[in-house]
Structures are given as C-alpha cells and as structure tokens.
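J.: A predicted structure for the sequence below; I have some questions about it.
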Amino acid sequence: MGLLQEGINEVIATTWSNAAPMGIIHRGGEYRMVLFRGSHTAMNIERWGWVVANIVHDPVLFVRTAFSDLPDSAFVEEEVEGFLVHRLPGAEAWIAFDAAIEHRARESLAAILSPMKEVVVSPAVHPVNRGYNSIIEASVHGTRYLWNKDPGLRGLIDHHLALVRRCGGPKELEALALLEGYLGIRKEPQA
Ligand SMILES: Cc1cc2nc3c(=O)[nH]c(=O)nc-3n(C[C@H](O)[C@H](O)[C@H](O)COP(=O)(O)O)c2cc1C
C-alpha cells in the first residue's frame, strides 16, 4: 500500500456506476475526501461506504467525468473484502477504500478512507506538460463556474485555456474543446 502521495491526489473516483474527478487528501498517514453535497459521489459513498481511486492520466476523461456521466459499460466489477466495487478499465492503478463519513457540514461531507486493496495495472511515464496541468485547473474552476458564473473564475479558466493552447498536445486540445462545450464558452475562430 502507498501509491498516493502526501498532499492532495487528483484521481477519478468511482462509486457504483459513477465516475468523477475528486481529490484524495493524504496527510499524517490518513486518507480523506471532502465531498460537496449533491454529487452522485457523495450520495453513493454515504449509501454504500466504499470508493475506488483510479489513477488516470487522461485529460479527456477528467473533463468528461467532471461534467457528464459514463455509460455502465465503462466500469469493471471487482470484489474487494466483501464489497462489489466498480473501477475504470483504463486506470494505470487503482485503490479501493472503505469510506466512512466522519463529519457533516451544511454544504459538504468529510469521509475518512481506509485502503482495502491497491493494484498497479500499467504504469506509464508522464513528462510534465503545462497544458495537461491547466486542463485539470480549468476543470476544477469550471465545475464551480457552472454553478455561479463568477467572472473571477472565468478569468482563471481563460488563463488556463490559453496555456492549454500553447503547451498541450492533441489529447489536451480535445479535452479543451470538450470543456469549452460543457461551459458554453467556445470561441468561434476569427475570420
Ligand atoms: C480535478 C478535480 C478535482 C475535484 N475534486 C473534488 C473534490 O475533492 N470534492 C468534490 O466534491 N468535488 C470535486 N470536484 C468536482 C466534481 O468532480 C464535480 O462536481 C462532478 O460533477 C461530480 O460528479 P458526480 O455527481 O458524478 O459525483 C473536482 C473536479 C475536478 C475537475
């Protein structure tokens, strides 16, 4: 056990027939998630008591799962310590956690996670790409922007999308077009 690093690990969290990017906070030897109420992930964790952290390096999948749902055929079933869990087939590694709600606030839930099983499937080398990092940043801001249309967030999104255009490869550019579509901010090409 021990694939996740100290700090916040951005993974794609799967619960039953659902996937969404989520941060797993690893500090002082413990694992936690802070879940905004209203998400399927929060509801499923409260109901079923497990979550799988899929370690994925795919900008398109981050954007797609942040803003829409995957079909049931996108999940693989695994039995872990008596739980039937769902994970993503394309993950480089996955960790199944037992999850217990430790704190309920008005807008969020905090869950404490206990690793049950950790599997490395196909680790790959990922040279740092600022365009990739900026897709993740723009997606985080974008999930909030959809709620409140805050112009400050829009400025951050535009900043990160400019970096994606400058530094990204084809996968990042595909993710960018998808993200602009979800946010309704696609710019028409200049004549
Ligand atoms: C990189 C990234 C990290 C995120 N981390 C969290 C998080 O830690 N907690 C949370 O509640 N939402 C987080 N979000 C937002 C959720 O992914 C988003 O609200 C999503 O629509 C929830 O989907 P669901 O309803 O299928 O669970 C994050 C989004 C991104 C792009």
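T.: Right, received. Where do you want to start?
J.: got the residues of this structure near the ligand?
T.: 10, 18, 20-23, 33-36, 39-41, 62, 66, 136, 139-140, 143 (CB under 6 Å from any ligand atom). In this view, the C-beta of every residue, glycine as well, is placed from N, C-alpha and C.
J.: how about a cut-off of 5 Å?
T.: 10, 18, 20-23, 35-36, 39-41, 66, 136, 139-140, 143 (CB under 5 Å from any ligand atom).
J.: return the members of those classed as buried.
T.: Buried residues within the residues of the chain next to the ligand, counting neighbours by 16 or more other CB atoms under 10 Å: 10, 18, 20-23, 35, 39, 41, 66, 136, 139-140, 143.
J.: so which of those residues belong to helices?
T.: Thr41, Ala66, Ile136, Ser139, Val140, Thr143 (DSSP state H).
J.: widest-spaced pair of the residues you listed?
T.: Thr41 and Ile136 (17.1 Å; CB to CB).
J.: just to revisit the earlier point, can you list the buried ones among the residues of the chain next to the ligand in CSV and add distance to Arg106?
T.: Converted to CSV, these look like this (distance: CB to CB, whole Å):
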residue, distance to Arg106
Glu10, 25
Asn18, 23
Ala20, 21
Pro21, 23
Met22, 20
Gly23, 20
Leu35, 13
Ser39, 15
Thr41, 18
Ala66, 23
Ile136, 27
Ser139, 25
Val140, 21
Thr143, 19
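J.: with distance to Val164 and pLDDT added, can I get the ones in helices among the buried ones among the residues of the chain next to the ligand in JSON lines?
T.: Output for those, formatted as JSON lines (distance: CB to CB, whole Å; pLDDT from 0 to 100):
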{"residue": "Thr41", "distance to Val164": "25", "pLDDT": "98"}
{"residue": "Ala66", "distance to Val164": "15", "pLDDT": "98"}
{"residue": "Ile136", "distance to Val164": "10", "pLDDT": "98"}
{"residue": "Ser139", "distance to Val164": "11", "pLDDT": "98"}
{"residue": "Val140", "distance to Val164": "14", "pLDDT": "98"}
{"residue": "Thr143", "distance to Val164": "17", "pLDDT": "97"}
